[in-house]
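# Here's my sequence, what's the structure:
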Amino acid sequence: MVLIPVLFFVLLEMVLRVFNYGDGFAQWTSYGNGTLKLNPDIARKYFYSIRNIPHPDGDTFDEIKMPDSFRIFVLGESAAAGYPFLPNGAFSRYLQQRLSLAFPASKIEVVNCAMTAINSFAMRDMMPGILKEKPDLIVIYAGNNEYYGSLGVGSMESFGTSRAMVDMVLYLERFRTFQLLRNLMRDIGGIFLKQQEPSGTLMSRIARDQYIGLGSKIYNEGIEQFEGNMGDILEMASERHVPVILGTLACNLKDQYPFISIAEHGFPRADSVFRQANRALAGKDLDAADSLFRYAKDLDALRFRAPSELNDVIESLGIKFHDPVIKIDSAFDAMSPDHVVGDNLMSDHLHPTLYGYRLIGKLYYDEMEQKGLLPKSRPLGINDGEQDSLTIAKFAFCPLDSVIGDFRIKLLKNDWPFVEKDDEASKYTLLGAKNYIDSLAYEVIEERNDWATAHREAARWYAERSDLTSFVRVMNVLIAQYPSTVENYDYAADVLMKSKQFDAAYDYLKKRNGIAHSAYSDKWLGAIDLNEKRISSAKDYLCESIKYDNSDPQVWYNLAGVYIAEKDFQDALQSINMALSLLPNYSSAIALKEQLIKAVK
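The predicted structure is shown next:
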């Protein structure tokens, strides 16, 4: 009798798995060509009532780590993911591109696992899977979502304040029976309560009306939650001897008015302190202004900006586990007018501008250099200033990315808590879309099109208008995001060759061959080398192309050209005959055959 319910649930679990119900929640999924990426739907494990979940940036890495590989994983929330410029505006992209520039002999893999609206619970849950992938370094920039991020103490996606309870729920998520019960409870509750998922930005949906006063019970529980989860993360890394670099959190102090001001627990109202800060700033009492702006932020009862106490926790954890801590907030202050961070480095309340993200990337790189955590391969041999300048000059970012970022910020600031009620005007009107690139950005924002497809369409649009500079810029963005997608290299090379930009096309084909050879790439590398009188390499490429496809008459024709350059007229004639057997009316081959017959005689 005792075993009957046990057997029932075992059989139910087996049936659900057979019929592929629910999610397996594998942390990594295949992206092709022997690469992996973070499961794009992994956030379903952490969100229960919200259907439109956030997704990771989609960075890929080799399933089998290469001997020359240097691998970094990045943990954090929306600010680490690069919002509003994600995926390619994140500070992780600066790290990836600068390391690739400075250490050309190493294969640099920077995998950004950050996501919007998660917090330390999700990061701790992903940590064992990250450690299994043999990281050389883990970089963490996290804490702003600790209260309202999924499973946080102030979130609508919360299971209470017990970390043990959250641990149990995350463990049970691996079972399809638990997922079935969870979904049934949600759907039945929705029917009886007639609840609909609220509209608006994810920020407005997860935290509306959830006010948390400074020093309150739930405030302290959030601090304890962060300290406990981050301590677990750092302990796991320490046990595996994986170095970690932490960063304190920066936010908009000067130009972000407090969202919610309340008077409780004997503290003043945030808006009153914010006005005092502005008066101190006007009077050039900069030390007082800085302290008051920080105090006003800490008093803000809507905790989208991490309280100063979380930075204290980050620094104390760094000391405890002997992990370096970069004072990013102090660096941002130093780079700001009057030494108080505002809109100069922040797009909104806490997400940096593109310049701000690059600054964070540089700060992490400098710390890696100082602590001896850079790749062990031979560096390029240029100084730090040149590295930084070249990284920024070649940074993979295009106008479409700028428009997408601009649109995201406009929508964010048109919703609660920036405004009490969002603008009734259509989004298209609100965003001010004016041209084709704007329309592509709008489709991404509305999720009618994905980021990669929008960029491919932008590249095609530029190619049709012979704007090759803009075309190359977009293709470089796509390749930086998906370096193992060989079709992007092929397309870029094809467009450039049709425009007789052979040197530029050659670079893409070479990079493509570094991932996987093909008849197409070897054919054109051989053809270009032949044209440039690089006979030996032309021969190698053309012979390689034939291994993949021996039915292309143009390859045989070019190979005949190689043999002619080597004065091997007999093999040249055989190659021409092969070309003509495949395409009898090949006029160039017919003319060349006549010349070769005479040469052979």
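# List the buried residues of the helix of greatest length in the chain.
Taking DSSP state H as the criterion, the chain has its longest helix at helix 217-239. Within helix 217-239, the residues scored as buried using 16 or more other Cβ atoms under 10 Å are 218-219, 221-223, 225-227, 229-234, 236-237. Placement of C-beta: from N, CA and C, glycine included.
# Can you tell me which helices and strands the one helix or strand Q595 maps to packs against?
Q595 belongs to helix 587-600 when assigned by DSSP states H and E. Helix 587-600 sits against helix 553-565, helix 569-582, with contacts defined as 3 or more Cβ pairs under 8 Å, 6 or more residues apart in numbering; DSSP states H and E.
# Switch those helices over to a markdown table; also include mean neighbour count and distance to I140.
Shown next, in a markdown table, are the helices and strands packed on helix 587-600 (neighbours: other Cβ atoms under 10 Å; distance: least, Cβ to Cβ, whole Å):
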| stretch | mean neighbour count | distance to I140 |
| --- | --- | --- |
| helix 553-565 | 22 | 51 |
| helix 569-582 | 19 | 58 |
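# Take those helices and lay them out in TSV including mean pLDDT and distance to R174.
Formatted as TSV, the helices and strands packed on helix 587-600 follow (pLDDT from 0 to 100; distance: least, Cβ to Cβ, whole Å):
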stretch	mean pLDDT	distance to R174
helix 553-565	95	52
helix 569-582	94	56
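# on that earlier part again, could you find which two of the buried residues of helix 217-239 are furthest from each other?
Spanning the widest gap among these are I218 and A237, at 28.8 Å by Cβ to Cβ.
# in the longest strand seen in the chain, what counts as buried?
In terms of residue count, the longest strand belonging to the chain (DSSP state E) is strand 69-76. Neighbour-count burial for strand 69-76 flags S69, F70, R71, I72, F73, V74, L75, G76 (criterion: 16+ other Cβ under 10 Å).
# Also stretch 504-513?
Residues of stretch 504-513 classed as buried: A505, Y506, Y508, L509, K511, R512, N513 (neighbour count, 16+ other Cβ under 10 Å).
# Grab the CA positions of it and hand them over as PDB.
Only the C-alpha atoms of stretch 504-513 are listed here, as PDB (Å, rounded to 0.1, in the frame of the first residue of the first chain):
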ATOM      1  CA  ALA A 504      38.400  41.500 -48.100                       C
ATOM      2  CA  ALA A 505      36.700  38.400 -49.300                       C
ATOM      3  CA  TYR A 506      39.900  36.400 -48.800                       C
ATOM      4  CA  ASP A 507      40.000  37.300 -45.100                       C
ATOM      5  CA  TYR A 508      36.400  35.900 -44.500                       C
ATOM      6  CA  LEU A 509      37.200  32.700 -46.400                       C
ATOM      7  CA  LYS A 510      40.400  32.100 -44.400                       C
ATOM      8  CA  LYS A 511      38.400  32.500 -41.100                       C
ATOM      9  CA  ARG A 512      35.700  30.300 -42.500                       C
ATOM     10  CA  ASN A 513      38.300  27.600 -43.200                       C
END
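# follow-up on the earlier one: report the angle between the longest helix of the chain and strand 69-76.
170 degrees (axes from the mean of the first three to the mean of the last three Cα atoms, to 10 degrees).
# Tell me the one among the buried residues of stretch 504-513 nearest to G356.
K511 (30.1 Å).
# So that closest one is in contact with V486, correct?
No. At 9.3 Å, K511 does not count as touching V486 under the criterion of Cβ atoms under 8 Å.
# Could you pull up the mean pLDDT of the longest helix of the chain?
For helix 217-239, mean pLDDT is 96.
# what helices or strands is it leaning on?
Short answer (3+ Cβ pairs under 8 Å, 6+ apart): helix 217-239 packs on helix 120-131, strand 137-141, helix 163-172, strand 244-247, helix 308-321.
# With just CA atoms, put that helix into CSV.
Output of helix 217-239 as CSV, limited to C-alpha atoms (Å, rounded to 0.1, in the frame of the first residue of the first chain):
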residue,chain,number,x,y,z
LYS,A,217,12.9,42.8,7.6
ILE,A,218,12.6,42.0,3.9
TYR,A,219,15.5,44.4,3.1
ASN,A,220,17.8,42.5,5.5
GLU,A,221,16.6,39.2,4.1
GLY,A,222,17.7,40.3,0.7
ILE,A,223,21.1,41.2,1.9
GLU,A,224,21.4,37.8,3.6
GLN,A,225,20.1,36.0,0.5
PHE,A,226,22.8,37.7,-1.7
GLU,A,227,25.6,37.0,0.8
GLY,A,228,24.6,33.4,1.1
ASN,A,229,24.3,32.7,-2.6
MET,A,230,27.4,34.6,-3.6
GLY,A,231,29.3,32.9,-0.8
ASP,A,232,28.3,29.5,-2.2
ILE,A,233,29.3,30.5,-5.7
LEU,A,234,32.8,31.7,-4.6
GLU,A,235,33.3,28.6,-2.5
MET,A,236,32.5,26.3,-5.4
ALA,A,237,35.0,28.2,-7.6
SER,A,238,37.6,28.1,-4.8
GLU,A,239,37.2,24.3,-4.4
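# quick check: angle from it to helix 120-131?
Helix 217-239 runs at 10 degrees relative to helix 120-131, counting by the same axes, to 10 degrees.
# Taking helix 308-321 as reference, get the angle to helix 217-239.
30 degrees.
# outside of helix 217-239, which residues touch it?
75, 119-121, 123-124, 127-128, 131, 138, 140, 142-143, 146-147, 152-154, 161, 163, 212-213, 243-244, 303, 307, 309-310, 313-314, 317, 320-323 (Cβ atoms under 8 Å, 6 or more residues apart in numbering).
# and the angle for it with strand 137-141?
With the same axes, to 10 degrees defining the directions, helix 217-239 sits at 170 degrees from strand 137-141.
# Domain map for this protein?
When the chain is parsed with automatic domain parsing, its domains come out as 3-260+300-393, 261-299, 398-478.
# State the mean pLDDT of the shortest one.
It refers to domain 261-299. 95.
# Would you mind listing the buried residues in it?
261-262, 267, 269-271, 273-274, 276-277, 280-281, 289-290, 292-299.
# Please produce JSON lines containing the helices and strands packed on helix 587-600, extended by distance to K107.
Compiled in JSON lines, the helices and strands packed on helix 587-600 are given as follows (distance: least, Cβ to Cβ, whole Å):
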{"stretch": "helix 553-565", "distance to K107": "30"}
{"stretch": "helix 569-582", "distance to K107": "37"}
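# mind checking which of the ones you listed is nearest Y365?
Among those, helix 553-565 comes nearest to Y365, with 44.3 Å by Cβ to Cβ.
# who's in contact with A579?
Here A579 is in contact with P553, Q554, W556, Y557, A560, Y586, A589 (criterion: Cβ under 8 Å, 6+ apart).
# got it, and I108?
S69, F70, Q96, L99, S100, P375.
# do the same with L496
L468, V472, F502, A504, A505, Y508.
# contacting residues for M168?
Neighbouring residues of M168 by Cβ under 8 Å, 6+ apart: there are none.
# Swap in 10 Å and give it another go.
The neighbourhood of M168, defined by Cβ atoms under 10 Å, 6 or more residues apart in numbering, consists of F159, S162.
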